[in-house]
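> Fold the following.
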Amino acid sequence: MIPILSFFVHYGYWVLFVWILVEQLGLPLPSTPVLLTAGTLSATHMLGLGGILITVLASSLIADSVWFTLGRQYGDTVTKWICKLSLEASACVRRAEDMIATRGAGALVIAKFIPGLNLMAAPMAGQSRMEYRTFLLYDTAGTLLWGTTFVLAGRFFGDALRRNQSALNWVSRFALVAFVIVVVALLVGRIWRQQAFLRKIRSMRVAPQDLKKMMDSGEDVFIVDLRHPLDFLPDPRLLPGAVRLQPNEVVLRSAELPRDRDIIVYCTCPNEEASAKVALTMRRLGIERIRPLRGGFQEWKQLGYPLSDARAQVLPSAS
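All right, here's what the predicted structure looks like:
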């Protein structure tokens with residue numbers, strides 16, 4: 001037997017368990033290749049389909065339960081930490097917040113199919129004070145749907161190979177090389193997308209120190225708070241004079257935004273993902289003087305700069 005296949009046959013369940021566990025805990029290891037591999041091996045009965053799904057469920061629920069508990073106890077501190085840990089989670093903070101707020105526990109059923117969102121959904125559910133038994137029920141359904149989809153895809157591929165012995169021999173011989181290439185390609189793709197985005201926004205950002213100087217000098221700066229309502233639960237304060245708007249509202253109501261002064265937008269995540277995307281979109285619409293705040297709300301607060309306890313003003317509805 002080819003050494004790599006022998007290794008998977010003897011340690012396949014453990015490899016699957018550890019891989020899924022560390023990936024769900026936040027390490028940027030793509031799980032799709034290992035799920036497909038396990039499904040392929042099930043076609044030749046080297047691994048059992050039931051055993052694979054039980055292993056995936058157990059490892060995923062352990063990781064998700066850890067994140068759920070941390071999210072419940074520490075709130076947005078956990079999501080900020082995930083933003084720094086993950087290559088994709090910061091892009092999905094807003095999406096996770098919206099899905100949890102609108103769909104509730106049902107968002108957990110599809111969360112694992114969306115890169116980044118799968119890591120954010122569990123702590124967001126905990127932060128939203130969802131009951132653990134409700135979380136466990138929907139997370140189990142989502143995990144089984146996710147695992148079954150990719151494992152059965154691998155099983156289909158394995159069944160096709162089993163009918164073609166020469167193809168099976170070739171795949172068996174180069175399985176390790178193909179597996180490594182796929183994993184590395186996915187990792188490189190994630191890193192490239194993140195770095196390309198950061199390069200776009202690096203020259204646009206305004207430092208909290210510079211914004212503070214602008215405000216102290218009396219400069220008329222228009223500040224927009226883009227944080228989701230869930231982000232206000234642990235800390236309802238905002239930058240002085242800030243206007244609360246959701247990202248989609250900024251785009252839809254762009255005609256109401258001032259063109260004669262700087263517009264500063266900020267969000268919760270330290271990578272300022274949401275505010276940077278809004279700034280890029282608005283610049284494409286012709287609003288040049290819009291900039292994301294570096295470090296967002298968190299860095300401003302950590303520097304000890306003033307925050308307003310009053311409710312933010314909201315732009316009046318367009319007539």
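> sec struct for R261, please.
coil (DSSP: H, G, I helix; E, B strand; the rest coil).
> right, I mislabeled it, should have said A58
The three-state label given to A58 by three-state DSSP is helix.
> what about it, distance to L25?
14 Å (CB to CB, to the nearest Å). Heads up, the C-betas are built off the backbone N, CA and C, glycines and all.
> Pull up the overlap in contacts between those two.
Listed contacts common to A58 and L25 are nil; contacts here mean CB atoms under 8 Å, 6 or more residues apart in numbering.
> I'd like to know how many residues surround R227.
Using other CB atoms under 10 Å, R227 has 27 neighbouring residues.
> ok, now I287?
17.
> swap in the one 5 residues further on?
Neighbouring residues of P292 were enumerated by other CB under 10 Å; the total is 25.
> ok, now V18?
When neighbours are counted by other CB under 10 Å, V18 comes out with 15.
> Model confidence for it, exactly?
For V18, the model assigns a pLDDT of 94.
> can you pull out the helices in the protein?
Residue ranges of the helices in the chain, as given by DSSP state H, are 3-24, 32-43, 49-74, 76-85, 93-103, 107-110, 117-127, 132-162, 165-173, 175-202, 208-216, 247-252, 273-284, 296-302.
> any chance of the ones you listed in TSV, with distance to R261 too?
Formatted as TSV, those follow (distance: least, CB to CB, whole Å):
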stretch	distance to R261
helix 3-24	45
helix 32-43	47
helix 49-74	37
helix 76-85	30
helix 93-103	26
helix 107-110	38
helix 117-127	34
helix 132-162	45
helix 165-173	62
helix 175-202	21
helix 208-216	10
helix 247-252	16
helix 273-284	14
helix 296-302	19
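> Of all those, which one comes closest to D231?
Closest of the helices of the chain to D231 is helix 76-85, at 5.9 Å (criterion: CB to CB).
> pLDDT at L285, what is it?
On the pLDDT scale, L285 is placed at 72.
> What of G142?
For G142, pLDDT reads 95.
> contacting residues for it?
L108, V109, I110, A111, K112.
> S308: which of these is nearest?
Nearest to S308 among those, counting by CB to CB, is A111 at 34.0 Å.
> Distance check, L257 against T79.
L257 is 28 Å from T79, by CB to CB.
> Those two: which has the busier surroundings?
T79 (26 against 19).
> Check what pLDDT the more buried one gets.
With respect to pLDDT, T79 scores 71.
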